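Asks: I need the structure of the sequence given here:
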Amino acid sequence: MTEGRVLVVDDDDDLRRLLESLFTLGGFDTRSVGDGDSAIAETRVFRPDVVILDIMLPSVDGFEVLRRIREDPDTEGTLVVMLTALGSDEDVWRGWQAGADSYVTKPFDIDDLLRIVRRLLEEGSGLSVGGAT
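Replies: Predicted coordinates:
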């Protein structure tokens, strides 16, 4: 039995593959995509419990992906962790306004990210902010 379904969305191929492998090794059913349009489509098909979502993506940025996830009645309850290099107060605020459940800045600690995902799955939504450790 898996801990849940995770969709990793990042345009950096190496980071995306690394996160997909680490979440899979961590007991999650994991898939990954590299652009915003694919993220929207895969969220509808795969029905992840958690989306790890970069902001700077080809085709559709992460803020728009998150907005569409929240507007779709079939995916509105999906937990979303923004994982991005954009760490200004304004960016964090935009993430919160768009409906992010957590906002983690790169560079990040993979163990912290796994803890955040597990906590969100246990407790449900509620914005938290993380960063480099």
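Asks: what residues are up against the most centrally placed residue in the chain?
Replies: Ranked by distance to the mean C-alpha position of the chain (CA atoms, centre = their mean), the top residue is Ile52 at 1.7 Å. Counting by CB atoms under 8 Å, 6 or more residues apart in numbering, Ile52 touches Val6, Leu7, Val8, Val9, Asp10, Leu19, Phe23, Val81, Leu83, Leu113, Val117. For glycine as for every other residue, the C-beta is placed from the backbone atoms N, C-alpha and C.
Asks: one more time with 10 Å, if that's ok
Replies: Each residue near Ile52 by CB atoms under 10 Å, 6 or more residues apart in numbering is listed here: 6-10, 16, 19-20, 23, 30, 32, 79-83, 102, 104, 113, 116-117.
Asks: among the residues you listed, which are in helices?
Replies: Arg16, Leu19, Glu20, Phe23, Leu113, Ile116, Val117 (DSSP state H).
Asks: output the lowest mean pLDDT helix or strand found in the protein.
Replies: Confidence across the helices and strands of the chain bottoms out at strand 129-130, with a mean of 50, counting by mean pLDDT, DSSP states H and E.
Asks: distance of the closest residue to Phe63 other than its chain neighbours relative to Glu64?
Replies: Leaving aside its chain neighbours, Phe63 sits nearest to Ala98 (5.1 Å; criterion: CB to CB, 6 or more residues apart in numbering). Per CB to CB, to the nearest Å, Ala98 is found 9 Å from Glu64.
Asks: overlap in contacts, the two.
Replies: Ile55.
Asks: tell me which residues touch the closest residue to Arg94 other than its chain neighbours, please.
Replies: Nearest residue to Arg94, sequence neighbours excluded (CB to CB, 6+ apart): Phe63, at 6.0 Å. Shown in contact with Phe63 (CB under 10 Å, 6+ apart): 36, 53, 55, 57, 82, 84, 86, 91, 94-95, 97-100.
Asks: alright, that wraps it up for me.
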